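Asker: Got a predicted structure plus its sequence, pasted below:
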Amino acid sequence: MPTDAADNEITTLANSGYEVLEERQSEGLLYRFFVTLINSTGLIFGAAYTYVQDQKQKGNKRGFFVMVIG
């Protein structure tokens with residue numbers, strides 16, 4: 001709980017050229033779930049793309065999985 005002394009100190013620091021950190025409410029659980037899901041999906045598809053490119057470079061027979069991703 002900020003007091004008048006704390007408010008004065010923050011104002012003094014802000015006027016001195018220091019950047020004052022403004023705390024904000026943390027993101028919700030559902031938001032973090034979707035961010036993690038998106039990042040995980042990108043990681044999986046990135047690995048699959050790299051695998052397909054490696055198989056193409058080696059000249060291996062292309063299967064259905066390779067056709068879908070590549």
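Answerer: Okay, I see it.

Asker: How are the strands of the chain distributed by residue range?
Answerer: Counting by DSSP state E, one finds no strands in the chain.

Asker: Tell me where it has helices.
Answerer: 4-15, 29-58, 64-69 (DSSP state H).

Asker: Please convert these to TSV, extending it with mean neighbour count, distance to residue 23 and mean pLDDT.
Answerer: Every residue, glycine included, has its C-beta placed from N, CA and C. Converted to TSV, the helices of the chain look like this (neighbours: other CB atoms under 10 Å; distance: least, CB to CB, whole Å; pLDDT from 0 to 100):
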stretch	mean neighbour count	distance to residue 23	mean pLDDT
helix 4-15	10	12	73
helix 29-58	11	17	91
helix 64-69	11	43	58
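
Asker: Put together a markdown table for the ones you listed, with distance to residue 21 on each row.
Answerer: Formatted as a markdown table, the helices of the chain follow (distance: least, CB to CB, whole Å):
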| stretch | distance to residue 21 |
| --- | --- |
| helix 4-15 | 10 |
| helix 29-58 | 21 |
| helix 64-69 | 44 |
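
Asker: for those, which one sits closest to residue 22?
Answerer: helix 4-15 (10.1 Å; CB to CB).

Asker: ok, so what distance separates residue 41 from residue 29?
Answerer: Separation of residue 41 from residue 29 (CB to CB, to the nearest Å): 19 Å.

Asker: Kindly report the same for residue 35.
Answerer: Taking CB to CB, one finds residue 35 at 11 Å from residue 29.

Asker: next one: residue 59
Answerer: Applying CB to CB to residue 59 and residue 29 gives a distance of 47 Å.

Asker: swap in residue 18?
Answerer: 33 Å.

Asker: same question, residue 55
Answerer: Counting by CB to CB, the gap from residue 55 to residue 29 is 39 Å.

Asker: Same check on residue 19?
Answerer: 29 Å.

Asker: again, but for residue 23
Answerer: Residue 23 is 19 Å from residue 29, by CB to CB.

Asker: residues near residue 17, how many?
Answerer: 6 (other CB atoms under 10 Å).
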